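>>> how does the following fold in three dimensions:
(chains A and B)
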Protein chains: 2
Amino acid sequence: MSTTAPPHPVPSLADLAARLREEIGEEAVSETPAPQYAGDRAVRAAEGTGFVLALPRDTAGVQTTLRLAHETGTPVVPRGAGSGLSGGAVPTDGALVLGLERLTAIREIDVLDEVAVVEAGVVTADLSTALAPLGFFYAPDPASARLSTIGGNIATNAGGLHCAKYGVTRESVLALEAVLADGTLLTTGHRSLKGVTGLDLTQLLIGSEGTLAVITAATVRIRPLPVARRTVVARFDSAGSAAAGVNAISRSPVRPAATELLDGATLADIEAHTGSALADGDSALLLIELDGYGIEEQSADLVAVLTAAGAEMRLVPDEAEAEHLWELRRSGRGSGAGGHRLGEDIAVPKSRLAEIFTALSEIGDRHGVATSAVAHAGDGNLHPSLALPSAEGEAPGPLPPAILAAADELVRTALDLGGTVSGEHGIGTAKREWLDLELSPTSRGLQQRLKAAFDPHQLLNPGKAL
Amino acid sequence: MSTTAPPHPVPSLADLAARLREEIGEEAVSETPAPQYAGDRAVRAAEGTGFVLALPRDTAGVQTTLRLAHETGTPVVPRGAGSGLSGGAVPTDGALVLGLERLTAIREIDVLDEVAVVEAGVVTADLSTALAPLGFFYAPDPASARLSTIGGNIATNAGGLHCAKYGVTRESVLALEAVLADGTLLTTGHRSLKGVTGLDLTQLLIGSEGTLAVITAATVRIRPLPVARRTVVARFDSAGSAAAGVNAISRSPVRPAATELLDGATLADIEAHTGSALADGDSALLLIELDGYGIEEQSADLVAVLTAAGAEMRLVPDEAEAEHLWELRRSGRGSGAGGHRLGEDIAVPKSRLAEIFTALSEIGDRHGVATSAVAHAGDGNLHPSLALPSAEGEAPGPLPPAILAAADELVRTALDLGGTVSGEHGIGTAKREWLDLELSPTSRGLQQRLKAAFDPHQLLNPGKAL
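So this is what the prediction gives:
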């Protein structure tokens, strides 16, 4: 028996499962869910946690599921692809896990209105694949785009590599279809880019991590594919110098589509697991993508700016090589593969990147933890990696105290620099301990009252995010 | 005595005024406010409405004002420059009008973080003026930018001419300082472009028209000035053909910074009040601004696309002439100057622009009302003008029933086309009658519960927006 199957389902869960089977179909309900439903990519449910899984096939099925959960007072954990990194989709004991993975229709694509209407379970990259023959794309591109779903992206306001130019997920969502805790359908927003009708429930639902309603579909903004793309590599003698290069770009009129800062340890890690020669001592890279009109002018301005900032510059004219470099970037999870590793997600005002890189290194030294980091530098979002080797034959277990202590110090440093606890992964369960450092009691109290306004019985994703 | 001075201040208002004088200063309180405080640019308070005006000089003064209003159970009407067009800032009887016009500090400009921290009373255009020497600008540009304030823009989620490319006000606001109904200070949001910490109170406050809290300052995103700008004029034989031109742009990779559609009647009106030769029968214009890198490539693509769509194209190489054309556009309020006139604000999915122009003309004919319209065509936002001549010597009064009936039919048509009751002016008092046509009882009920979560005693801008 899988460790994630409920060993002793409480009667009410079994009753709920039986009623769900009758109403949304035998195949849509499981009392012994497969292991992947027991957590996300970072956090697992506690051993022995009992939960039931419902996978309704459409919005009406989601309404039915929520209505029955409401009638039985059952907590509901909504779930996209489970690719989250903060525990937002982790089952709690006695909960109904409501997976949206079967809601996969792209209901509509309209290039004249520049919108697509997609269901929550559509894999993010699949939407751009569907749009490409029409000359369009969907801009939000979390690194998980080939796994994660539009619904999950919206629930976490997912970021990615192209946010400084194209915005985070929030900027691409115009309207939502969602289901409230009692099964009532709610539609929000507009199909036009503009619209100011009362309080903006669309915006409030984005990033609410399933605590207010379950998103079943969205009207998203699509954009024409850029007429040109160009990858540029700038090598600096250190991460601090690369951060100074980011400042130099800020002072210029060039705004890259992506500006990724990879420090020396990250480059060494990529080299170790891919064999691609990227590392060179402590030197760091800015991996930059330009796109749109005037690509030659943009390149020339960028080269001038970064050369003056001390970089050794290389334009990558070959598309295949450029794509390979971006693949390498996506594979860069930082040092510590095979051992204990924590991938963090903080953001700082982007002028403070050099300081957070320095702090990361000092914190690692102080706690005896190996550190590295890659940053979405254009928006100040940093993914530090904190790692320790594991002992020979050691079973995977909780993270060592030194890593946790280093992470705590790092998050506090980001806040001291004017930054935030989470740039793009969300709070889930993993980051709730730090919420009070960033949010005032006034803010947290308001958030609880908003939660109660949507979900008075506290059934939706309890214990998460807020 | 001004008609706007409270003829018989109720005792509690007089008491409140006295306490306010003690706490925020004699000069900051008026029981006989100047006429401009009795309304906005479209809606006036009812004759004889009694209200007190407070103009605190800083955030602490706003807190004190709200605390005293809260203690005395006095409704509060927040107010920026009073340039709104939907009645959001109109005093209600017995209210305290809380003007933010003295909070005019630009607290900080940081080009490396690409942010400015500004107080609510800063006039929108003044921010871009301050940024220009640094090579930056603030993108949101409602037509009222030389009058309206950042705080008012945020409270209404103001739009403007450049939203299809740069977003509405919402997309440029990162963090807020606001005061709750009881005087408590609330700070929300982040200085970094990314940040996902709990429910997004920043986004919920934007566009809430003063019903949830009083915004006192904001951290806004600033952007580098484009390296080039180019104005292009495309003349079509009708508004419908111009709308087809908008569709042709949508199918292309060109995304102008502004795409304004002026119909024949609007051009005739501009010609009549400025003497500039613009009209030519029923022909309509797309007045387009391109900006950024590759301006020649952009121009060439645009000319090819619109020429194929039947337009007669003209590039405007001369900056002074371009600026003159944009001034003329801003002066175009539509036919009916000197008579009865209603300026509407609706939006439709942008592929439906031709249909709404046709409907406007038919509705005008049916009700015997002169119509014209200008559209922010890139985002489907239309400002129709509905007008009737006034009789010789007739005093200004309420709008004739024919105009009101035509407006009602027009709003309903916009909704039938998948559009919205208000594209960018907000609901205020002027558009509340139509809310139920657009929003479900579920949505309106939720909005009322969110309002209660922020403002349980219903003191902030009662009777507006929701």
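>>> do a quick rundown of the strands in the stretch 1-150 of chain A.
In the stretch 1-150 of chain A, the segments counted as strands under DSSP state E, counting those that start in this stretch are A:29-30, A:51-54, A:76-79, A:95-99, A:106-110, A:115-119, A:136-137.
>>> adding mean neighbour count, write those strands out as JSON lines.
From N, CA and C alone the C-beta is placed, and that goes for glycine too. Written out in JSON lines, the entries for these read as follows (neighbours: other Cβ atoms under 10 Å in any protein chain shown):
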{"stretch": "strand A:29-30", "mean neighbour count": "22"}
{"stretch": "strand A:51-54", "mean neighbour count": "26"}
{"stretch": "strand A:76-79", "mean neighbour count": "26"}
{"stretch": "strand A:95-99", "mean neighbour count": "25"}
{"stretch": "strand A:106-110", "mean neighbour count": "14"}
{"stretch": "strand A:115-119", "mean neighbour count": "23"}
{"stretch": "strand A:136-137", "mean neighbour count": "20"}
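>>> could those strands be laid out in JSON lines, adding distance to residue B:126 and mean pLDDT?
Output for the strands of the stretch 1-150 of chain A, formatted as JSON lines (distance: least, Cβ to Cβ, whole Å; pLDDT from 0 to 100):
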{"stretch": "strand A:29-30", "distance to residue B:126": "60", "mean pLDDT": "98"}
{"stretch": "strand A:51-54", "distance to residue B:126": "55", "mean pLDDT": "97"}
{"stretch": "strand A:76-79", "distance to residue B:126": "45", "mean pLDDT": "98"}
{"stretch": "strand A:95-99", "distance to residue B:126": "50", "mean pLDDT": "98"}
{"stretch": "strand A:106-110", "distance to residue B:126": "39", "mean pLDDT": "98"}
{"stretch": "strand A:115-119", "distance to residue B:126": "35", "mean pLDDT": "98"}
{"stretch": "strand A:136-137", "distance to residue B:126": "37", "mean pLDDT": "98"}
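>>> could you dump those strands to CSV with distance to chain B?
Converted to CSV, these look like this (distance: least, Cβ to the nearest Cβ, whole Å):
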stretch, distance to chain B
strand A:29-30, 27
strand A:51-54, 23
strand A:76-79, 16
strand A:95-99, 19
strand A:106-110, 7
strand A:115-119, 8
strand A:136-137, 10
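>>> any weak-confidence spans in the stretch 201-350 of chain A?
Residue ranges of the stretch 201-350 of chain A with pLDDT under 70: A:333-337.
>>> how about 80 then?
Scanning the stretch 201-350 of chain A with the threshold set as pLDDT under 80 gives A:332-338.
>>> which parts of the stretch 101-250 of chain A are helices?
Assigned by DSSP state H, counting those that start in this stretch, the helices in the stretch 101-250 of chain A fall at A:124-131, A:150-156, A:163-166, A:201-205, A:239-251.
>>> and among those helices, the most buried is which?
Scoring the helices of the stretch 101-250 of chain A by mean neighbour count under mean count of other Cβ atoms under 10 Å in any protein chain shown gives helix A:150-156 as the most buried, with a mean of 31.
>>> for stretch A:254-273, buried residues please.
A:254-271 (16 or more other Cβ atoms under 10 Å in any protein chain shown).
>>> which among the strands of the stretch 1-150 of chain A is found nearest to residue B:147?
Shortest distance between residue B:147 and the strands of the stretch 1-150 of chain A, using Cβ to Cβ, is found for strand A:115-119: 33.0 Å.
>>> for that closest one, the distance to its chain's centre please.
Remark: strand A:115-119 is offset 20 Å from the chain centroid, using Cα atoms, centre = their mean, to the nearest Å.
>>> try stretch A:447-466
In terms of Cα atoms, centre = their mean, the centre of stretch A:447-466 is found 21 Å from the chain centre.
>>> domain map for chain A?
Partitioning chain A according to automatic domain parsing yields domains covering residues A:11-99, A:106-224, A:229-416.
>>> deepest-packed of these, please.
Using mean count of other Cβ under 10 Å, the stretch among the domains of chain A with the greatest mean number of neighbours is domain A:106-224 (a mean of 23).
>>> endpoints of it, how far apart?
Using Cα to Cα, to the nearest Å, the end-to-end distance of domain A:106-224 comes out at 18 Å.
>>> test my guess that residue A:284 contacts residue A:233.
No. Using Cβ atoms under 8 Å as the test, residue A:284 is too far from residue A:233 to be in contact (11.2 Å).
>>> ok, back up a step: of all the helices of the stretch 101-250 of chain A, which one is nearest chain B?
helix A:201-205 (3.8 Å; Cβ to the nearest Cβ).
>>> which of the buried residues of stretch A:254-273 come close to chain B?
When the buried residues of stretch A:254-273 are filtered against chain B using Cβ under 8 Å from any Cβ of the partner chain, the residues retained are residue A:255.
>>> in strands only, show me the buried residues of stretch A:254-273.
Mapping those onto strands (DSSP state E) picks out A:258, A:259, A:260, A:261, A:262.
>>> still on that earlier bit, can you redo the helices of the stretch 101-250 of chain A as TSV with distance to residue B:340?
Listed next are the helices of the stretch 101-250 of chain A as TSV, based on distance: least, Cβ to Cβ, whole Å:
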stretch	distance to residue B:340
helix A:124-131	47
helix A:150-156	45
helix A:163-166	45
helix A:201-205	36
helix A:239-251	51
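>>> JSON lines for the ones you listed, including distance to chain B?
As requested, these are arranged in JSON lines below (distance: least, Cβ to the nearest Cβ, whole Å):
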{"stretch": "helix A:124-131", "distance to chain B": "13"}
{"stretch": "helix A:150-156", "distance to chain B": "7"}
{"stretch": "helix A:163-166", "distance to chain B": "6"}
{"stretch": "helix A:201-205", "distance to chain B": "4"}
{"stretch": "helix A:239-251", "distance to chain B": "5"}
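>>> out of those, which is closest to residue B:456?
Comparing the helices of the stretch 101-250 of chain A by Cβ to Cβ, helix A:201-205 comes nearest, at 18.5 Å.
>>> tell me the SS of the closest residue to residue A:259 other than its chain neighbours?
Closest residue to residue A:259 in three dimensions, ignoring its sequence neighbours and counting by Cβ to Cβ, 6 or more residues apart in numbering or on different chains: residue A:378, at 4.0 Å. Per DSSP: H, G, I helix; E, B strand; the rest coil, the secondary structure class of residue A:378 is helix.
>>> helix, strand, or coil at residue A:464?
Three-state assignment for residue A:464 (three-state DSSP): coil.
>>> surely it and residue A:430 touch.
No. Between residue A:464 and residue A:430 no contact is recorded; they are 9.9 Å apart, counting by Cβ under 8 Å.
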